[in-house]
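[1] Got a predicted structure plus its sequence, pasted below:
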Amino acid sequence: YDHPRDIWEEMRQVTPDFYGITYERLEREGGVHWPCPSLDHPGTPFLFADSFPRGRGKFWEVEFGTESEQPDAEYPFNLSTGRVLYHWHGSTMSGRSKLEDIFPEAVCEMSPADARELGLITGDWVEVSSRRGAIKTRVLVTERSPQGTVFIPFHFAEAAANLLTAVQLDRRAKIPDYKITAVAIQKTTPPENWDKGYNIMLTDRGAIKDPVQIH
């Protein structure tokens with residue numbers, strides 16, 4: 001490819017919903033909402049604004065199931081992975097210095113009760129392990145996490161939370177159980193490549209405020 005235009009043109013030719021969005025049109029109009037199936041189509045700012053092709057939204061009953069990996073004596077905590085406001089997926093679009101200053105690293109959020117039982121305070125290093133692997137991260141004690149459940153964002157390669165998650169697929173959604181993974185947690189030492197000069201106080205960072213203090 002000699003120009004980003006060439007890449008977009010190839011995508012446009014094989015994606016009917018993008019066909020009417022030429023590179024020249026993007027430059028001229030500053031953006032076009034898809035689907036835009038033809039060159040004279042105005043774009044679609046609000047998809048399904050009035051109704052869906054089949055009518056109104058469809059709802060169905062959900063059967064409760066326990067086929068997901070459950071905590072046990074060896075792995076007594078449930079891990080839920082997810083996002084934080086300041087990063088996107090693997091940080092490919094959000095790994096910028098200003099955002100890194102606000103939220104620079106993965107943390108393991110846990111309830112005050114769990115932290116007290118494990119003898120942990122905010123800033124301590126822990127190893128979080130599952131049946132598939134282990135990562136090291138620091139603890140953030142917070143009321144946001146219910147007892148028995150910990151949360152780790154999945155944006156950070158040095159503590160890749162999804163290395164821990166289960167591989168079985170949800171029967172309906174056909175995606176892995178990223179939100180239900182049994183893990184064990186134990187206090188540990190910082191990673192070998194940890195920068196000793198790095199500010200060790202999590203609470204000095206803009207996004208991490210008012211952790212619960214355990215004494």
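    Looks like it arrived, so ask away.

[2] Poorly predicted segments of the chain, please.
    Applying pLDDT under 70 to the chain flags residues 65-67, 90-96, 195-215.

[3] Let me see the domain layout of it.
    According to automatic domain parsing, the chain comprises the domains 1-47, 77-190.

[4] Could you list every helix and strand that the lengthiest helix in the chain packs against?
    Using DSSP state H, we find that the single longest helix of the chain is helix 4-14. In terms of contacts (3 or more Cβ pairs under 8 Å, 6 or more residues apart in numbering; DSSP states H and E), helix 4-14 is packed against helix 23-29. All C-beta atoms are positioned from the backbone trio N, CA, C, and that covers glycine.

[5] Distance from the helix it packs on to the middle of the chain?
    32 Å (Cα atoms, centre = their mean, to the nearest Å).

[6] which other helices and strands contact that helix?
    Counting contacts by 3+ Cβ pairs under 8 Å, 6+ apart, helix 23-29 packs against helix 4-14.

[7] Other residues contacting the helix it packs on?
    Helix 4-14 is contacted from outside by 1, 18-19, 21-23, 26, using Cβ atoms under 8 Å, 6 or more residues apart in numbering.

[8] Drop anything exposed from those residues.
    Buried members of those, scored by 16 or more other Cβ atoms under 10 Å, are 18-19, 21-22.

[9] Now secondary structure and distance to residue 187 too, for those, in TSV please.
    Shown next, in TSV, are those (DSSP: H, G, I helix; E, B strand; the rest coil; distance: Cβ to Cβ, whole Å):
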residue	secondary structure	distance to residue 187
18	helix	51
19	coil	57
21	coil	53
22	coil	58
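
[10] So for the longest helix of the chain, what gets flagged as buried?
    Result for helix 4-14 [16+ other Cβ under 10 Å]: buried residues 8, 12.

[11] And for stretch 147-167?
    Neighbour-count burial for stretch 147-167 flags 149-156, 159-161, 164-166 (criterion: 16+ other Cβ under 10 Å).

[12] Just the C-alpha atoms of it, please, in PDB.
    Backbone C-alpha positions of stretch 147-167 (Å, rounded to 0.1, in the frame of the first residue of the first chain) are rendered in PDB as follows:
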ATOM      1  CA  GLN A 147     -16.300 -10.100  49.300                       C
ATOM      2  CA  GLY A 148     -15.000 -13.200  47.400                       C
ATOM      3  CA  THR A 149     -14.700 -11.400  44.100                       C
ATOM      4  CA  VAL A 150     -11.700  -9.500  42.700                       C
ATOM      5  CA  PHE A 151     -11.400  -7.300  39.600                       C
ATOM      6  CA  ILE A 152      -8.400  -6.800  37.300                       C
ATOM      7  CA  PRO A 153      -8.500  -4.700  34.100                       C
ATOM      8  CA  PHE A 154      -7.200  -6.500  31.000                       C
ATOM      9  CA  HIS A 155      -5.400  -3.500  29.400                       C
ATOM     10  CA  PHE A 156      -1.900  -4.200  30.600                       C
ATOM     11  CA  ALA A 157       0.500  -6.700  28.900                       C
ATOM     12  CA  GLU A 158       2.700  -7.000  32.000                       C
ATOM     13  CA  ALA A 159      -0.200  -8.300  34.000                       C
ATOM     14  CA  ALA A 160      -2.400  -9.800  31.300                       C
ATOM     15  CA  ALA A 161      -5.600 -10.700  33.200                       C
ATOM     16  CA  ASN A 162      -7.000 -12.700  30.300                       C
ATOM     17  CA  LEU A 163      -4.200 -15.200  30.600                       C
ATOM     18  CA  LEU A 164      -6.100 -16.400  33.700                       C
ATOM     19  CA  THR A 165      -9.600 -16.700  32.300                       C
ATOM     20  CA  ALA A 166     -11.400 -19.900  31.500                       C
ATOM     21  CA  VAL A 167     -11.500 -21.200  27.900                       C
END
